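*Asks:* this is the structure alone, sequence omitted:
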């Protein structure tokens, strides 16, 4: 820790560790977009390698009702880049997400005799639509990316597809909680 002096004040500056992030990319055939899940590499090396080994067993192809998954561990990104990626506004369903917590070891349950299709389904059932959030904590979400004051669901009108509407044309309940939160936050964030 070092102390810096300026004419008006004295302040302390702690050296923060330089973290890097692996990128797990989910590409949704249904939504026609890709989402990055940026996972802190330090402290999660074994769990990330185990997940990567399983994902590499699949010869992925895009299906309408599923997602593909790939993880990048050779070229990790800096914490600054990871944070900046969460602000990129390209998708209509979800933002990219950054996690700083401990990743649990994820067993996708692949068996040797499984077909590619069955492996894809198993991976999607566990990881699809942001399912990685069940295995890691400490998601880095800025307060301005959250929607506050959402109305209770009993005040919602049912939509023709079975989802609920908040009365303002925004659907509720069609994605996992965080994806839905981020989708609503995205809707309120102005385009530049």
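*Replies:* Thanks, I have the structure now. Keep in mind that this is a model prediction, so the values were computed, not measured.
*Asks:* low-confidence bits of the protein, can you list those?
*Replies:* Low-confidence segments of the chain, defined by pLDDT under 70: 1-13, 147-192.
*Asks:* what domains does the record give for it?
*Replies:* 20-134, 148-188 (automatic domain parsing).
*Asks:* would you map the helices across the protein?
*Replies:* 45-55, 79-85, 116-127, 177-188 (DSSP state H).
*Asks:* what is the longest strand along the chain packed up against?
*Replies:* Determined from DSSP state E, the single longest strand within the chain is strand 67-78. Applying 3 or more Cβ pairs under 8 Å, 6 or more residues apart in numbering; DSSP states H and E, we find strand 67-78 packed against strand 20-28, helix 45-55, helix 116-127. For the C-beta atoms, the positions are set from N, CA and C on the backbone; glycine is no exception.
*Asks:* direction included, what does the first one pair against?
*Replies:* Strand 20-28 has its sheet partners listed here by DSSP bridges as strand 33-40 (antiparallel), strand 67-78 (antiparallel).
*Asks:* buried set for it?
*Replies:* Neighbour-count burial for strand 20-28 flags 20, 21, 22, 23, 24, 26, 27, 28 (criterion: 16 or more other Cβ atoms under 10 Å).
*Asks:* what's the angle between that strand and helix 116-127?
*Replies:* 120 degrees (axes from the mean of the first three to the mean of the last three Cα atoms, to 10 degrees).
*Asks:* sorry, back to before: go through the strands paired with strand 20-28 and name the closest to residue 137.
*Replies:* Closest approach to residue 137 among these (Cβ to Cβ): strand 33-40, 11.0 Å.
*Asks:* mind listing what's buried in the closest one?
*Replies:* 34, 35, 36, 37, 38, 39, 40.
*Asks:* thinking again about what came up before, and residue 92, which of the strands paired with strand 20-28 is closest to it?
*Replies:* strand 33-40 (7.0 Å).
*Asks:* so the closest one versus helix 45-55, what angle?
*Replies:* 150 degrees.
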